[in-house]
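Chemist: Next comes the sequence, and after it the predicted model I'd like to discuss.
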Amino acid sequence: MAKIIAVCTSQSKGERKTDVGQGLLVADHGLQGDAHAGPWHRQVSLLALESIDKMRALGLDVGPGDFAENLTTEGIELFTLPIGTRLKLGAKALGEVTQIGKVCHDRCAIYYQAGDCIMPREGIFIRVLQSGPIRAGDPVAVVAD
């Protein structure tokens, strides 16, 4: 079963996020209290722990939130999900995949430390369709149409 490992927020864009353990996904907005929330297509970012492990294998001391992702997951290969895939997060929240990866215009600190960064290739973004509380340990499930 896929699950949420960490719920992370930051006060400003362009910085690592801190694992706060739980939060509220707000429809048409994103993760309450996060700098990236707002009325756009990249309301919430997700990155799999398995992707973070790839960077750890390169010798980096990194963990949830270090790639500025809101939700760190485990047990689901996020970057293979097609645009439009719906994800149930926790008991009530519903999100829709809007983007796979991203273009990094500036090299981040992770890139300079490792010569690579996984978020541009394996991170995904969703918009929140239905509000709901989330916390570490909650299930993540693909919702069939």
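Modeler: Right, received. Where do you want to start? Residues are numbered from 1 along each chain as shown.

Chemist: From the centroid of the protein, which residue is nearest?
Modeler: residue 46 (1.6 Å; C-alpha atoms, centre = their mean).

Chemist: Touching, that residue and residue 69? I think so.
Modeler: Yes. Residue 46 lies in contact with residue 69 (C-beta atoms under 8 Å); the separation is 6.0 Å. Bear in mind the C-beta positions are built from the backbone N, C-alpha and C, glycine included.

Chemist: Common neighbours of those two, please.
Modeler: Common contact partners of residue 46 and residue 69 (C-beta atoms under 8 Å, 6 or more residues apart in numbering): residue 123.

Chemist: Which residue, other than its chain neighbours, is closest to the residue nearest to the centre of the chain?
Modeler: Distances taken as C-beta to C-beta, 6 or more residues apart in numbering put residue 71 closest to residue 46, at 4.6 Å, once the chain neighbours are dropped.

Chemist: do the same with residue 69
Modeler: Spatial nearest neighbour of residue 69, excluding adjacent residues (C-beta to C-beta, 6+ apart): residue 47 at 3.8 Å.

Chemist: One more: residue 62?
Modeler: Among residues not flanking residue 62 along the chain, residue 55 sits closest, at 5.3 Å (C-beta to C-beta, 6+ apart).

Chemist: can you pull the contacts of residue 100?
Modeler: Per C-beta under 8 Å, 6+ apart, neighbours of residue 100: 79, 81, 83, 124, 125.

Chemist: Let's see that with 10 Å instead.
Modeler: Residue 100 makes contact with 78, 79, 80, 81, 82, 83, 85, 121, 122, 123, 124, 125 under the criterion C-beta atoms under 10 Å, 6 or more residues apart in numbering.

Chemist: partner residues bridging it?
Modeler: residue 124 (DSSP bridges).

Chemist: how near is the closest residue to residue 42 other than its chain neighbours to residue 89?
Modeler: In this structure, residue 42 finds its nearest non-sequential neighbour in residue 125, 4.1 Å apart by C-beta to C-beta, 6+ apart. From residue 125 over to residue 89 the distance is 13 Å, taken as C-beta to C-beta, to the nearest Å.
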